[in-house]
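Q: Attaching a predicted model along with its sequence, questions to come.
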Amino acid sequence: MTTSTRTPAGELSATAARHLLLNMTPNGSLGQDGENLFVVQRGEGPYVDDADGKRYIDGLSGLYCCQLGYSYAPEFAEAADKQLRELCFSPLWSSSAHPTAIELAERLSRIAPVDVEHTFFSGGGAEAVETAWKIARRYHALRGEPGRVKAISRRGAYHGLTIGALSLTDDPGLREPYGPGAIETRFVSNTNRFGLAPEYVDDDVYTSRLLAELESAILAEGPESIAMLIAEPVQNRGGCITPPQGYWPGLRALADRYGFLLVADEVITAFGRLGEWFGGDRYGARPDIVTVAKGITAGYAPMGATLVSNGVVEVINQPGAVLNHGYTFAGHPLSAAIALRSLEIMERDRILENVRGLQDHLATRMASLGDLRIVGDVRGAGFFYACELVGDLDGGGFSDKARADLIVDLIPRRLREAGLLARVYNRSAPLVQIAPPLISDRHLLDRIADILAETLAEASARL
């Protein structure tokens with residue numbers, strides 16, 4: 001019998017190729033032995049190690065989840081052990097609840113936006129968005145407006161991949177394989193100013209344009225048909241797109257004028273990513289509903305939640321009304337205990353203060369990348385930034401060869417070789433994005449910026 005010389009990393013990759021289907025991945029391209037698979041085996045602080053033992057800066061916090069990095073495991077294990085020994089599972093179903101979910105709901109009410117004091121738990125972000133839609137529909141029906149069956153979303157936004165949440169995304173590559181959307185959605189402009197006329201640098205001018213376009217869309221669809229508008233405080237897809245001053249108060253005014261609900265999708269931006277508990281607070285947002293996930297547990301357990309305002313709850317909780325919606329594992333005791341411990345750690349270790357204290361430094365380092373030929377725009381806030389890349393064609397586009405050589409190959413390869421995990425988009429807008437753990441110090445942020453600068457400088461020289 002021949003003894004296999006395959007390394008443990010190789011064994012893992014080969015097993016994955018035979019049995020594991022990955023999310024958002026051309027699984028057939030992994031290779032028969034999974035030779036194209038990147039396997040992360042352990043984490044420590046703001047770093048992760050692959051199965052071969054190489055260490056990387058986790059410049060994307062997992063997938064915007066690991067706000068606290070990877071070294072708080074003993075504290076989370078203690079919280080999990082205590083909870084599992086007391087109660088491993090109990091559903092939030094049919095007039096039944098458990099103490100940990102109750103405590104977490106109360107805790108969230110103390111940090112949530114103004115008048116948002118109620119929580120419906122779920123398993124993740126897409127479920128939280130689906131819940132927001134159902135609550136909006138139920139709210140309007142109970143108020144005698146069952147004809148409010150449409151949503152408004154923004155172009156380029158991403159709100160999840162379940163069939164309802166997918167309806168709020170306009171990417172044909174994601175939508176078309178599954179047929180017509182479940183929710184009739186009108187798409188309006190996002191807040192990306194890159195490439196627009198110079199007058200839109202002025203916040204007042206740009207906000208007026210965006211709100212006028214939105215109001216025209218509302219009137220064209222029929223205000224009486226709109227159930228909700230959903231938007232991220234800083235839009236992830238398309239590259240950390242920030243809003244102009246006055247935009248979110250303007251959304252609130254239009255929602256009040258025309259009677260639809262305003263939903264802030266904070267699945268990525270909540271829990272410190274922008275230096276606040278909720279990113280919308282940075283921009284004057286006053287939503288009716290907030291969706292969260294990811295950072296609520298710092299990545300140590302799965303959880304989503306839909307936070308709902310008092311005004312909406314007064315309607316859906318009226319005598320005789322039933323909210324016919326739920327998830328088996330919503331508010332799972334283990335996840336709730338992990339979330340409570342995460343919030344406790346964030347307060348105790350002054351995580352928000354760390355982001356606030358370093359965000360200007362990161363902004364300066366990221367802005368300096370704009371001097372590179374390949375970087376057309378740098379945008380973001382807090383610990384959440386993107387560089388939009390421009391290419392070798394008139395108008396800033398990339399030829400097929402340059403896209404393949406630089407966006408598909410060189411940039412992601414060089415970043416990984418330098419020990420940085422970042423996100424490199426190769427879709428409509430080529431982007432490099434970072435969202436480092438909120439525990440990152442100045443030295444680590446500088447190292448991230450240095451690696452980006454070195455990599456993008458090399459790419460620039462090849463244009």
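A: Here it is on my side, so go on. Residues are numbered from 1 along each chain as shown.
Q: Of all residues in this protein, which one is nearest the centre?
A: Of all residues in the chain, the one closest to the mean position by C-alpha atoms, centre = their mean is residue 268, 2.9 Å from it.
Q: Surely that one touches residue 237?
A: No - under the contact definition of C-beta atoms under 8 Å, residue 268 does not touch residue 237, with a separation of 9.9 Å. C-beta: built from backbone N, CA, C; applies to glycine.
Q: pLDDT below threshold where in this protein?
A: Under the criterion of pLDDT under 70, the regions of the chain flagged as low confidence span 1-7.
Q: List of residues touching stretch 21-38?
A: Residues outside stretch 21-38 that contact it (C-beta atoms under 8 Å, 6 or more residues apart in numbering) are 10, 12, 13, 14, 15, 16, 17, 50, 161, 416.
Q: oh, I was asking about stretch 252-260
A: Residues from elsewhere that reach stretch 252-260, judged by C-beta under 8 Å, 6+ apart: 136, 145, 148, 152, 211, 214-215, 218, 223-224, 226-229, 261-262, 285-288.
Q: List the buried residues for that stretch?
A: In terms of neighbour count (16 or more other C-beta atoms under 10 Å), stretch 252-260 has its buried residues at 252, 254, 255, 260.
Q: and what of stretch 19-27?
A: So, applying 16+ other C-beta under 10 Å, stretch 19-27 has no buried residues.
Q: start to end distance for that stretch?
A: Distance between the two ends of stretch 19-27: 11 Å, counting by C-alpha to C-alpha, to the nearest Å.
Q: The nearest residue to residue 458 once chain neighbours are set aside sits in which helix or strand?
A: Using C-beta to C-beta, 6 or more residues apart in numbering and skipping residues adjacent in sequence, the residue nearest residue 458 is residue 414, 6.4 Å away. Secondary-structure assignment from DSSP states H and E places residue 414 in helix 411-417.
Q: Alpha carbons of that helix, in CSV - could you do that?
A: Included here for helix 411-417 are C-alpha records, laid out as CSV according to Å, rounded to 0.1, in the frame of the first residue of the first chain:
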residue,chain,number,x,y,z
ILE,A,411,-4.0,42.5,-8.0
PRO,A,412,-5.7,39.6,-6.0
ARG,A,413,-2.5,37.5,-6.4
ARG,A,414,-0.2,40.2,-5.2
LEU,A,415,-2.4,41.2,-2.3
ARG,A,416,-2.5,37.6,-1.1
GLU,A,417,1.2,37.2,-1.6
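Q: next SSE after it?
A: strand 420-421.
Q: Reformat the buried residues of stretch 252-260 as CSV; add secondary structure and distance to residue 407.
A: Compiled in CSV, the buried residues of stretch 252-260 are given as follows (DSSP: H, G, I helix; E, B strand; the rest coil; distance: C-beta to C-beta, whole Å):
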residue, secondary structure, distance to residue 407
252, helix, 38
254, helix, 37
255, helix, 38
260, coil, 38
